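Visitor: build the 3D model from these lines:
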Amino acid sequence: MIGLIVIGLLITWLVITGMITAGIVREIRIPGASLLGVLIFPVVAALPFSDEIIGRWQFQRLCKAEAKVWVAPDARNVVAARRGDSYTSELVGYVIPVREQGVAYIDADTGKPFYSYKTFHTPGGVVMQLGLNMGSSSSCRPDKWTSRENGFDIDELMRRGKN
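Guide: The predicted structure follows:
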């Protein structure tokens, strides 16, 4: 059913795009303007998705550059851990909303951080937020972001840190 709704909305948008393109061609009033309509149509059709296109490009670049894991050189010596400073913040300067999430763990004995990572989340552009993404968001995490992939068991260290 959702697929039919999406197809219906797409067809409606293409009809509206055709009407907008025809109006632009009519207003140009130069010879060969109808041929120009062939170029104008895809531009007008893509306009509602332009923030998504540019924003996803920015999001992918951000993920590649900033979604990282940090492991202290002496992390294997940690015997008990506690949750350190974790945060969520909205980033500015991106075409689509982007939220950064940082998670850190500290050595329960020394209080020094030994493991942290950053992830990023976005609900997408305007069209996606209006329902095309059905309420979900996109996220990116660093490669090998779990503690087990990095050679230790954070759950066990956290359990020991509560005593």
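
Visitor: elements contacting whichever helix in the chain runs longest?
Guide: Ranked by residue count, the top helix of the chain under DSSP state H comes out as helix 2-28. Contacts defined by 3 or more Cβ pairs under 8 Å, 6 or more residues apart in numbering; DSSP states H and E place helix 2-28 against helix 33-46. All C-beta atoms are positioned from the backbone trio N, CA, C, and that covers glycine.

Visitor: what residues of the helix it packs on count as buried?
Guide: G37, I40, F41, V44, A45 (16 or more other Cβ atoms under 10 Å).

Visitor: over to stretch 68-76?
Guide: Across stretch 68-76, burial judged by 16+ other Cβ under 10 Å covers V69, V71, A72, A75.

Visitor: pLDDT score for the third one?
Guide: Same thing as A72. On pLDDT, A72 comes in at 91.

Visitor: what of N163?
Guide: As predicted, N163 sits at a pLDDT of 54.

Visitor: list the contacts of R61.
Guide: R61 makes contact with no residue, according to Cβ atoms under 8 Å, 6 or more residues apart in numbering.

Visitor: that one: which element?
Guide: Here R61, judged by DSSP states H and E, is contained in helix 50-66.

Visitor: residue contacts, E100?
Guide: Each residue near E100 by Cβ under 8 Å, 6+ apart is listed here: E66, Y87, T88, S89, E90, L91, K118, T119, F120.

Visitor: quick check, it in a helix?
Guide: No. Under the criterion used here (DSSP: H, G, I helix; E, B strand; the rest coil), E100 is strand, not part of a helix.

Visitor: nearest the geometric middle of this structure, what residue?
Guide: Closest residue to the average C-alpha location of the chain: T122 at 3.6 Å, with Cα atoms, centre = their mean.

Visitor: helices and strands of the protein: which one has the lowest mean pLDDT?
Guide: helix 126-127 (a mean of 78; mean pLDDT, DSSP states H and E).
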